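> Below: sequence and its predicted model.
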Amino acid sequence: MVKDRLAEFWSDMGKDPKKRIWILAIVALIGVLVIFATYYLPESFSVAEGEVSPETIEAHQTITFEDTQKTEASRKAAAEKVGDIYVFDSTVIERQTAQISQLFKAWEDLLLLPEEERPAKAETYIGQFGIKKETAAAIAALDSITLQAIKSQAVEILAEQWRKGIRAGEVETARKSILDKVYLQVNESEYVAFIQAIYRIMDLEPNYIFDEAATKTAKEEAGQKEAPVLTTVYRNQKIIGKGEVVTANHIATLKALGYQRSKEPYIMILGIGLFTLGIFYMFRLFLLQFKLKTLEKENQLQLLVLLFLTMLALARLIISIDISAEASISEMIAYLIPVSAVAMLAAILLDKRLGMLFSFVVSLYLGFLCDGNVTYSAVSFLGSMAGIYGVSRFSQRTDWVKSALTIALMNTWVIISLALVSNSSWPMILWGVTMGCLNGFISPILAYGSLPFLESSFKITTSISLMELGNPSQPLLKELLIKAPGTYNHSILVGNLAESAADTVGADPILVRVGAYYHDIGKLRRPYFFIENQFRESNPHDKLTPSLSALILSAHVKDGIELGKKYKLPQKVMDFIAQHHGTSIMGYFYHKAMEEPGNLEKVQESDFRYPGPKPQNKETALVMLADSVEAAVRSMHVTGDKLEFAVKKIIQDKLQDGQLEDSNLTLSDLKHITAAFTQVLIGIYHSRIEYPEIVLQAMKEGMGENETDHQQPAEPGNDNPGTEGYFEDCS
């Protein structure tokens, strides 16, 4: 049941063009993911720290990653440079002053006693204060004013130390400093000993308290400010040698390279997939914005996908090649990736604008494959633009050589410019320039060599194949020259006429010229039935009925299509064979049939019209007009204004008959066509065998169609208010 449903699903997908486009997009996405998987998902190595490596392991790509051990060491060193943070405690000085006052109060009370009692009381303080008997006796003999002066001096010495700051852990150092200052600043030795005794027994406190929380925060912030220590491993660089003991640094490098599986490579591939979906959407918007019909042409989408995936696969293959033991030189091979080749192919086979977009997209992916190095993207994109410019107007094979030189010069220019920006060494620049120049010559060779295969496989006709078809040595053209020389000459002149007007109306001049060369090949079956090949011979149509003559004339369209298929002419050229008459009426034979007795009501106009279809584009419409004008005007003895009127009259008749309604030609285009045709005809005009007077008369009356295979149009100069002035004032 499931198998049948799947078969039905794929069958339905194959029948619906839109669904096939979705399949093509999915194939392209899968192709991209597979190619990048080979890049981001390298071979896995199962080694652990402390083990002996069983093989030599090298880096498959250049990668820069964070060395966590060095980063941690760097941050730890930065944190250690941050000193401890202390907070000032303003209450300490009050407590310390009160403590000094308390110690001095015992002596102040002593001085309130009678003098005879003081010595005995002073001796009781000797042990408490740790002073000598002489010092105690000297203090007991003081008056209150002197004692207060000693107290003030003691407080000032302590205050001076507080102003410098006493930190936790530095109390004893501060006490020693205070004792030294007492010795230096107090003159009387008894007073020195007394004050020092006070400081020795007092509970000295720090006035700067260690702030553990603030210190920890500051150290952490200093560590975080340190940038991560990055390590770069270059492609093909040895990571671990065979027999070496695996260290923590080795493991970190292997993980960064993806040799020990982690989620990171899969995340990268997911990113590439999402990026690709964005590219597909942007590509669709581009086609819609510029009204390119690639979305409607499955063969063109298939070609784009093929070129895209082939280029990515080739790029992946090339960057894996080692050309030197030195990694930086090996990386230069990326300049050899021929992105210009696919860009030129896209421009030639599809559209120049599409080729530019295509080269930009491929260049972006190339940057991803080259470790995100935008230098390679810039070189490939600008080189591709140079290649597209080189093939934008192909007219001869030597243009391939010009394209090669243009690409090589652009690659050289960009490589040197970016190398100077990055301060690269001159040997590296020389390597890069060498690869860029090789790319310039390889890309056109690849493009030119693959062009015939791609044209035939995807049924796309390019200007190059058209130029080859326009070569007079082509078998079909040689046969036309030999068997129907009049038709051959007529076709050449039609080509010249149509090509002269192509540029002015935005048509493809090469396609127009080649289409004109082949438009009448159907006359090879019966060349003598067409007047341009009747060299003083009798006209076979004189012995045939009008309906039979019309049948023979219209058959040259069908015969031409069959002959074109036999010689495998491209569809673009086949369109000229089918459409160059549209559904025009063979006026001469139609009027002749109408004039026969009893045929007035029996004759059907549709029997005397070509099968069509009408011209579907500007190119086929140009050949239709040039065909009619050239054949008709050649037999008319007109010059100057009369010649211009004749051209305008023929074009107006085609317009009135509705033959140009599907061709996208505007009235302004018709004005330009008239001017171009007239200018060329003045230069190449010469006489042609005249048609019977009846034809001229019919054209004068505006009844006939200028069927150029057997008759000529009316003489110019006969005003026709129904058609005159259709596009005279258009601009």
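Nice, thanks for sending it over. Numbers count the residues shown, from 1 in each chain.
> Name the residues of the helix or strand Lys255 falls within that are buried.
Here Lys255, judged by DSSP states H and E, is contained in helix 248-257. For helix 248-257, the buried set under the neighbour-count rule, 16 or more other CB atoms under 10 Å, comprises 249-254, 256-257. Every C-beta, even on glycine, is put in place using the N, C-alpha and C of the backbone.
> next one: stretch 444-460
Buried, per 16+ other CB under 10 Å, within stretch 444-460: 444, 446-448, 450-451, 454-455, 458, 460.
> helices and strands around the helix or strand following the helix holding Lys255, which ones?
Counting by DSSP H and E, the element after helix 248-257 in chain order, helix or strand, is helix 264-289. With contacts taken as 3 or more CB pairs under 8 Å, 6 or more residues apart in numbering; DSSP states H and E, helix 264-289 sits against helix 17-40, helix 352-369.
> and the longest helix for this protein?
helix 426-458 (DSSP state H).
> and that one, average pLDDT?
Averaged across helix 426-458, pLDDT comes to 91.
> Check which helices and strands it sits against.
helix 298-319, helix 327-330, helix 339-349, helix 374-391, helix 398-421, helix 463-469.
> In PDB, list the C-alpha atoms belonging to the first one.
I take that to be helix 298-319. Output of helix 298-319 as PDB, limited to C-alpha atoms (Å, rounded to 0.1, in the frame of the first residue of the first chain):
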ATOM      1  CA  GLU A 298      12.500  23.500 -16.800                       C
ATOM      2  CA  ASN A 299      15.500  22.800 -19.000                       C
ATOM      3  CA  GLN A 300      17.100  26.200 -17.900                       C
ATOM      4  CA  LEU A 301      16.500  25.400 -14.200                       C
ATOM      5  CA  GLN A 302      18.000  22.000 -14.700                       C
ATOM      6  CA  LEU A 303      21.100  23.600 -16.300                       C
ATOM      7  CA  LEU A 304      21.500  26.100 -13.500                       C
ATOM      8  CA  VAL A 305      21.300  23.300 -10.800                       C
ATOM      9  CA  LEU A 306      23.900  21.200 -12.800                       C
ATOM     10  CA  LEU A 307      26.300  24.100 -13.100                       C
ATOM     11  CA  PHE A 308      25.800  25.100  -9.500                       C
ATOM     12  CA  LEU A 309      26.400  21.700  -8.000                       C
ATOM     13  CA  THR A 310      29.200  20.800 -10.500                       C
ATOM     14  CA  MET A 311      31.000  24.000  -9.500                       C
ATOM     15  CA  LEU A 312      30.700  23.400  -5.800                       C
ATOM     16  CA  ALA A 313      31.900  19.800  -6.200                       C
ATOM     17  CA  LEU A 314      34.800  20.900  -8.300                       C
ATOM     18  CA  ALA A 315      35.700  23.600  -5.800                       C
ATOM     19  CA  ARG A 316      35.600  21.100  -3.000                       C
ATOM     20  CA  LEU A 317      37.900  18.800  -4.900                       C
ATOM     21  CA  ILE A 318      40.400  21.500  -5.900                       C
ATOM     22  CA  ILE A 319      40.900  22.900  -2.400                       C
END
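> Which residues does that helix contact?
In this structure, residues lying in contact with helix 298-319 by CB atoms under 8 Å, 6 or more residues apart in numbering are 17, 20-21, 24, 27-28, 31-32, 35, 38-39, 294-295, 331, 333-334, 336-339, 341-342, 345-346, 349-350, 354, 358, 361-362, 365-366, 369-370, 454, 458-460.
> Could you measure from the closest residue to Ala386 other than its chain neighbours over to Leu418?
Excluding the flanking residues, the one nearest Ala386 by CB to CB, 6 or more residues apart in numbering is Met410, at 3.8 Å. Distance of Met410 to Leu418, computed by CB to CB, to the nearest Å: 12 Å.
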